[in-house]
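Asks: heads up, no residue letters with this:
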């Protein structure tokens, strides 16, 4: 699941922007999409600097979208506690996104003269979009709509960027060259990743004929979990369907449980926010392990959500279960 964080700021000492319409268009594009369950969206208004930091920590987003004003080398316009402009420099933004390297995949700065900030953030994020000059409300909204239309169709960030530009052009606007993309090569679309998962699921189905087990190597949580078949790694199953299904369910539950246990050794879980961060990272590990993900979905279909929940012996199970349920909905 791709998490999108929308941050909007229109300080009261700046020109009024149609930020509400932009957010509504984005939500509409995702809501109407065939693959809408692949995306989760969170929207923040009148964003202050501390709101930015906290929202990033709370949601651990894959895509960060800023709507508002830019001041070129002066920075992006956030709000202070009085609602007045507080500019945040390119260097400060780059430092923030450095802390989320490997989590944030794309940043869209839908603000005038924001190419400067895009270049700085691009040191740590593979895909960053900024504006090389002022951009009008209509063009900004059309670009965002086209971008998320393509993204929700599981196209790559490069393709979504070009679709956004085309959306501006289709409105007979000359501002289609205002958005600029800072990207690194070897882009892979979400659609290609899903095809890879389908292939992995077919392989897993073949392996299930002999049974299933999970190997979790210490430290490498995501890459160390895999469904295996072999002389020593396969747990012997009987021909009786019920014991086999029960055993597979237990193994899947153990895989999820051990991910949670290993993560809580690294990250604190005292507050609600800390617990949600651990859960989000656990779900990401499951999603990034195609074999485990396909096995989780299969066991949900065979045994049900409640049965899987009962097999996971961990205090965070009630928080992680709704996310696991979404995995089944996506399929």
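Replies: Perfect, I can see it now. The model shown is predicted, which means the values in this text are computed figures rather than measured ones.
Asks: show me what contacts the residue nearest to residue 317 when sequence neighbours are not counted?
Replies: The shortest distance from residue 317 to any residue that is not its chain neighbour, by Cβ to Cβ, 6 or more residues apart in numbering, is 5.9 Å, and that residue is residue 309. All C-beta spots, glycine's among them, are computed from the backbone N, C-alpha and C. Residues in contact with residue 309, defined by Cβ atoms under 8 Å, 6 or more residues apart in numbering, are 317, 318, 321.
Asks: which SSE is residue 309 in?
Replies: Assigned by DSSP states H and E, residue 309 falls within helix 305-311.
Asks: quick one: contacts of the helix or strand just after that helix?
Replies: Past helix 305-311, heading to the C-terminal end, the next element that is a helix or strand (DSSP H and E) is helix 317-330. Contacts to helix 317-330, defined as Cβ under 8 Å, 6+ apart, come from residues 1, 35, 37-38, 256, 260, 275-276, 279-280, 282-283, 286-287, 293, 296-297, 300-301, 305, 308-309, 312, 314.
Asks: what are the ranges of the strands in the chain?
Replies: Chain-ordered strands for the chain, with DSSP state E as the definition, fall at 2-8, 39-44, 63-67, 76-79, 85-88, 106-110, 127-131, 179-183, 214-215, 226-227.
Asks: identify whichever of those strands lies nearest to residue 140.
Replies: Nearest to residue 140 among those is strand 106-110 (5.1 Å), distances taken as Cβ to Cβ.
Asks: so residue 16 makes contact with residue 137?
Replies: No: counting by Cβ atoms under 8 Å, residue 16 stays clear of residue 137, with 9.4 Å between them.
Asks: between those two, which one's more packed in?
Replies: More neighbours sit around residue 137 than around the other of residue 16 and residue 137, counting by other Cβ atoms under 10 Å; the figures are 14 against 8.
Asks: in terms of pLDDT, where does that one sit?
Replies: In this model, residue 137 is scored at 94, pLDDT.
Asks: could you do residue 188 as well?
Replies: The per-residue pLDDT of residue 188 was computed as 47.
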